[in-house]
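>>> here is a sequence with its predicted model. Questions after.
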Amino acid sequence: MGTSYHITVVKDVYAKEVITLQDEIDSLLEDVNETFSTYSETSEVSLFNKDTGLNVRPQSVDFITVLKEALYISEVTQGAYDITVGPLVNLWGFGPDFNKDSVPTDSEIEEVWLKTGYRQLSVSTEAQGVKKLTADIHVDFSSIAKGFGVDKVADLLDLQGFENYMVEIGGEMRVRGFNSEGIKWRIAVEKPDSSKRAIHKVINVTDIAMATSGDYRNYFEKDGVRFSHTINPATGKPVQHNLASVTVLAKKSMTADAWATAFMVLGDKKGYDLAIENNVAVLFLVKEGDSLRELMTPTFQRVIGDDAS
Ligand code: ADP
Ligand code: MG
């Protein structure tokens, strides 16, 4: 996944158990990678993307689970979230062949844009398979796979009887129970600042997943304009607005991860309304001149309670 992970479990465990657990987690994450990585030519998703057949292709349970979640978020966001935008991500230089500094022409964008659209994918639950309705449709799980990896690790820890833990992969996290001091987990929401790492706010939470998306890490600038790695599927271009970051809390990490990307596309106005409609816990950080404005949904406020700092 091109990132690192960090897991804390609170329990008296023997060193040997820790080593076994570490091995199990590593092999589980290797499996996740072999399903969703666009960097690996032989991953399930890469093979899926290469295949131009229109038959129902059998896919793994994990692939179908994540695809269904992604398509659900696409439906509720009316396509603002769309995992078929991968070719556009590549065109703008944010794909596996990293080359971010060129702005494509409108006709280049149009040509690639025509090959996108989540409605070109259909999941057959009985057949445990996926059908492409057009041959050149591609899927890109970058906005949801890390979250799914977190959920897989959390499920493994649950299964082994761990009740207090924190799992984090590339900034997506999920916590259960309490930390080693016996209190809620303290999680930092990063300041959306590309020049340094700093904390915007610390929240105290338990039994929840948190994901953040922003325009402050992965972007390039050309002639004073910032192009972020979040693509607006309606235009085929990187989103342009004052939203600096979005933090979402949800039961599952993959849900939080996908919603966070979706809200980056929607912006704080449309995003806020949709979050209210769907009862999503969101914190928007909006740029206003040199300062940041916080916008929280009531659900977010309720989850963090009064003890945020
Ligand atoms: P990160 O993975 O950097 O933390 P995100 O979770 O927001 O950030 O995922 C960003 C990635 O999602 C992009 O690099 C791109 O591959 C993909 N992406 C970009 N725009 C969209 C979109 N509208 N819908 C779904 N995925 C997208
Ligand atoms: Mg995401």
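It's in. Ligands and ions are numbered 1, 2, ... in the order given.
>>> how about the residues of this structure that lie near ligand 1?
81-83, 85, 89, 94, 140, 142-143, 171, 213, 218, 229-231, 233, 257, 260-261, 264-265 (C-beta under 6 Å from any ligand atom). Any C-beta I mention is one placed from the backbone N, CA and C, and that applies to glycine too.
>>> any of those buried? List them.
Those of the residues of the chain next to ligand 1 that meet the buried threshold are 81-83, 85, 89, 94, 140, 142-143, 171, 213, 229-231, 233, 257, 260-261, 264-265, by 16 or more other C-beta atoms under 10 Å.
>>> these also near ligand 2: which ones?
143, 213, 257, 260-261 (C-beta under 5 Å from the ion).
>>> let me know the secondary structure of Ile7.
Three-state call for Ile7 (DSSP: H, G, I helix; E, B strand; the rest coil): strand.
>>> over to Ile183?
Secondary structure of Ile183, per three-state DSSP, is coil.
>>> helices or strands next to the biggest helix by length in the chain in the packing?
Looking across the chain with DSSP state H, the single longest helix is helix 253-278. Helix 253-278 is packed against helix 61-76, helix 145-159, strand 172-176, strand 208-214, strand 243-250, strand 281-288, with contacts defined by 3 or more C-beta pairs under 8 Å, 6 or more residues apart in numbering; DSSP states H and E.
>>> now do that helix, average pLDDT.
Helix 253-278 shows a mean pLDDT of 98.
>>> okay, the angle between that helix and strand 208-214?
If you take axes from the mean of the first three to the mean of the last three C-alpha atoms, to 10 degrees, helix 253-278 sits at 80 degrees to strand 208-214.
>>> what's the first-to-last distance across stretch 275-295?
12 Å (C-alpha to C-alpha, to the nearest Å).
>>> what comes up buried for that stretch?
Applying 16+ other C-beta under 10 Å to stretch 275-295 flags 275, 280-287, 292, 295 as buried.
>>> which one among those gets closest to Val303?
Checking the buried residues of stretch 275-295 against Val303 with C-beta to C-beta, the nearest one is Ala281 at 5.1 Å.
>>> return the distance of the closest residue to Thr261 other than its chain neighbours relative to Met210.
In space, Thr261 comes closest to Ser143 once its chain neighbours are excluded; the distance is 4.0 Å by C-beta to C-beta, 6 or more residues apart in numbering. According to C-beta to C-beta, to the nearest Å, Ser143 and Met210 sit 15 Å apart.
>>> residues touching the residue lying closest to Arg174 once chain neighbours are set aside, list them.
Excluding its sequence neighbours, the residue lying closest to Arg174 (C-beta to C-beta, 6+ apart) is Ala209, at 4.0 Å. Residues in contact with Ala209 (C-beta atoms under 8 Å, 6 or more residues apart in numbering) are 147, 150-151, 172-175, 249-253, 255-256.
>>> try it again with 6 Å
By C-beta atoms under 6 Å, 6 or more residues apart in numbering, the contact set of Ala209 is 174, 250, 252-253, 256.
>>> what's the farthest-apart pair in these?
Arg174 and Ala250 (9.4 Å).
>>> more crowded one of the two?
Arg174 (28 against 23; other C-beta atoms under 10 Å).
>>> now do the same for the closest residue to Asp136 other than its chain neighbours: its pLDDT.
Excluding its sequence neighbours, the residue lying closest to Asp136 (C-beta to C-beta, 6+ apart) is Lys115, at 4.7 Å. With respect to pLDDT, Lys115 scores 94.
>>> could you do the one 5 residues further on as well?
According to the per-residue confidence, Gln120 scores 98 in pLDDT.
>>> surely it and Lys131 touch.
No: in this structure Gln120 lies outside contact range of Lys131 using C-beta atoms under 6 Å: 9.4 Å.
>>> show the low-confidence segments of the chain, by residue range.
96-101, 307-309 (pLDDT under 70).
>>> what residues does it have near ligand 2?
143, 213, 257, 260-261.
>>> hmm, 8 Å instead?
Contact residues, the chain versus ligand 2 (C-beta under 8 Å from the ion): 142-144, 146-147, 172, 211, 213, 257-261.
>>> thanks a lot, see you next time.
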